[in-house]
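1. A predicted structure for the sequence below; I have some questions about it.
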Protein chains: 2
Amino acid sequence: MKNIAVILSGCGVYDGTEIHEAVLTLLAIEQAGAKYRCFAPNINQHHVINHLTGEVMVEEQRNVLVESARIARGDVEDLSEFYIDEFDALIVPGGFGAAKNLSDFAINANAFKVNEQVLAICQAFAKAHKPAGYMCIAPVMIPEIYGEDAQATIGSDIGIAEALMNVGLAHRDCAVDDIVVDSSRKLVSTPAYMLATSLSEAASGINKLVAKVISMSDKSH
Amino acid sequence: MKNIAVILSGCGVYDGTEIHEAVLTLLAIEQAGAKYRCFAPNINQHHVINHLTGEVMVEEQRNVLVESARIARGDVEDLSEFYIDEFDALIVPGGFGAAKNLSDFAINANAFKVNEQVLAICQAFAKAHKPAGYMCIAPVMIPEIYGEDAQATIGSDIGIAEALMNVGLAHRDCAVDDIVVDSSRKLVSTPAYMLATSLSEAASGINKLVAKVISMSDKSH
């Protein structure tokens, strides 16, 4: 049975992992006959957003690993315990956590960096030529992970696409129900809630991404 | 298009709504061609659980409505703004939030009460003879809402079933992929994560519950 690593970044679209994307990903992995394990970095969130008002809760501080455990029903592991040999593929759902906790793209779009621990693990999949899927805003990490000319999508947001093309991404516009595949890198991306207006729309692209990532893991390196 | 009210109780299985159950419910509603609106009470959570360790975070205080907004991507409404005439049916996902925030069953199983605002709204569906679905631990609220002899399930937990039979529930054991239907009350329940060991298992019962609730809303009162 294929074993897929899923990296979470908190619990909630505005300061962590987008919950629908994460749940749809885990469901699609199961329904493809594969299994998953969830991981998150043991670091503080960049901040906490009141998801009802959109405002920063300045008094609050939450931990990415602890909050990610909500999505995983407790079953989440510290990224420091990650061993790539145990996994066939990687998937990173979106949500602002990917751009605030796993990287700082949302804070510093002109000179952003991926968290060092996250970067090392994502690069390990690239170097091992194991497939990986990034959805929603998570593809902002791809240029630093894969270097110049990797092909990926964040949907059709011109501003974000330009910021990423400036650091070497070969950005491809993509519909919500579709995926962009960089075959030579075994790299898959889909817009998910960068474009989706409903769970069903998000699911249409996510299901394709999960199926493609798993099918690519069948091929010899 | 049928309009389904969904009552949330926070965000996370141990102190709020079970996230997978909520997302699977919303997806099933969409895929049945209906729409939904999410509601939650504007009250403090009973407590906050660290979902990684299972321990109470004694310094933390979180609001049920604010945390529920994480599941609903911000689109959740205060239960005080609820008008039953706008809805065809009600669904309440599970998670300990149903037994800690919507009621106090988890704290006081021998003399528990449903939150007054929640009770009024749930009873309004019963009185209007509009269908309702309760999943996982949420059926603990059914005896107070529907009175004696209502049929429902919390799966097969003998202790919880006995506590509910003591207050008049006609409890029925039920498999994870099945539902219990009290036709005369248009009341549906399913065990979900009271028994499920995977998202797919939870989905099997939840999809049946959602389909049954929506189909019952087609019939004249």
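-> Ah, there it is. Numbers count the residues shown, from 1 in each chain, chains lettered A, B, ... in the order given.
2. quick one: residues contacting the residue nearest the centre of chain A.
-> The residue lying closest to the centre of chain A (C-alpha atoms, centre = their mean) is residue A:92, at 2.4 Å. For residue A:92, the contact set (C-beta atoms under 8 Å, 6 or more residues apart in numbering or on different chains) comprises A:6, A:7, A:98, A:102, A:122, A:132, A:133, A:134, A:135, A:138, A:141. Quick note: C-beta positions are derived from backbone N, CA and C, even for glycine.
3. likewise for residue A:32?
-> Going by C-beta under 8 Å, 6+ apart, residue A:32 touches A:2, A:210, A:211, A:214.
4. three-state assignment of the last one?
-> What it means is residue A:214. The local conformation at residue A:214, judged by DSSP: H, G, I helix; E, B strand; the rest coil, is helix.
5. and it, what does it touch?
-> A:2, A:4, A:29, A:32, A:34, A:88, A:89, A:131.
6. the nearest residue to residue A:177 once chain neighbours are set aside: which element?
-> The shortest distance from residue A:177 to any non-neighbouring residue, by C-beta to C-beta, 6 or more residues apart in numbering or on different chains, is to residue A:204 (3.8 Å). Using DSSP states H and E, residue A:204 sits in helix A:199-216.
7. that helix: how far from the chain's middle?
-> Centroid separation for helix A:199-216 versus its chain: 13 Å, with C-alpha atoms, centre = their mean, to the nearest Å.
8. check stretch A:23-43 too.
-> 11 Å.
9. give me the number of residues near residue A:156?
-> 16 (other C-beta atoms under 10 Å in any protein chain shown).
10. keep only those of the contacts of residue A:92 that are in strands.
-> In strands, defined here by DSSP state E, the members of the contacts of residue A:92 are A:6, A:7, A:132, A:133, A:134, A:135.
11. looking at the contacts of residue A:214, spot the one nearest residue B:199.
-> Closest approach to residue B:199 among these (C-beta to C-beta): residue A:29, at 8.9 Å.
12. phi and psi next, for the closest residue to the closest one other than its chain neighbours.
-> Leaving aside its sequence neighbours, residue A:29 sits nearest to residue A:36 (C-beta to C-beta, 6+ apart; 4.7 Å). Main-chain dihedrals, residue A:36, degrees, to the nearest 10: phi -140, psi 160.
13. next: residue A:13.
-> phi -60, psi -30.
14. summarise which helices and strands the helix or strand bottoming out on mean pLDDT in chain A is packed against.
-> Within chain A, confidence by mean pLDDT, DSSP states H and E is lowest for helix A:158-165 among all helices and strands, at a mean of 95. In terms of contacts (3 or more C-beta pairs under 8 Å, 6 or more residues apart in numbering or on different chains; DSSP states H and E), helix A:158-165 is packed against strand A:170-171.
15. what's the first helix or strand after the strand it packs on?
-> Strand A:170-171 is succeeded, C-terminally, by strand A:180-182 (DSSP H and E).
16. hang on, the earlier thing: I figured the residue nearest to residue A:29 hits residue A:2, correct?
-> No. At 9.3 Å, residue A:36 does not count as touching residue A:2 under the criterion of C-beta atoms under 8 Å.
17. neighbour count: the two, which is higher?
-> Set side by side, residue A:36 and residue A:2 show more neighbours around residue A:36, with 22 against 17, by other C-beta under 10 Å.
18. report the separation between that one and residue B:71.
-> 20 Å (C-beta to C-beta, to the nearest Å).
19. what sits against residue A:202?
-> Counting by C-beta under 8 Å, 6+ apart, residue A:202 has contacts A:20, A:21, A:24, A:176, A:192, A:193, A:196.
20. setting aside sequence neighbours, what's the nearest residue to the last one?
-> Using C-beta to C-beta, 6+ apart and skipping the chain neighbours, the partner closest in space to residue A:196 is residue A:202 (3.9 Å).
21. what pLDDT does residue A:219 get?
-> We have a pLDDT of 60 for residue A:219.
22. name the residues of chain A found near chain B, please.
-> Residues of chain A found near chain B (C-beta under 8 Å from any C-beta of the partner chain) are A:11-14, A:18-20, A:23-24, A:26-27, A:30-31, A:50-52, A:54, A:65-67, A:69-74, A:76, A:193, A:198-200, A:203.
23. of these, buried ones?
-> A:11-14, A:18-20, A:23-24, A:26-27, A:30, A:50-52, A:65-67, A:69-74, A:76, A:193, A:198-199, A:203 (16 or more other C-beta atoms under 10 Å in any protein chain shown).
24. and the residues you listed, which of them are in helices?
-> In helices, defined here by DSSP state H, the members of those are A:19-20, A:23-24, A:26-27, A:30, A:65-67, A:69-71, A:199, A:203.
25. is the most far-flung residue of chain A relative to its centre part of a helix or strand, or is it coil?
-> Most distant residue from the mean C-alpha position of chain A: residue A:59, 27.6 Å away (C-alpha atoms, centre = their mean). Under the three-state scheme (three-state DSSP), residue A:59 adopts coil.
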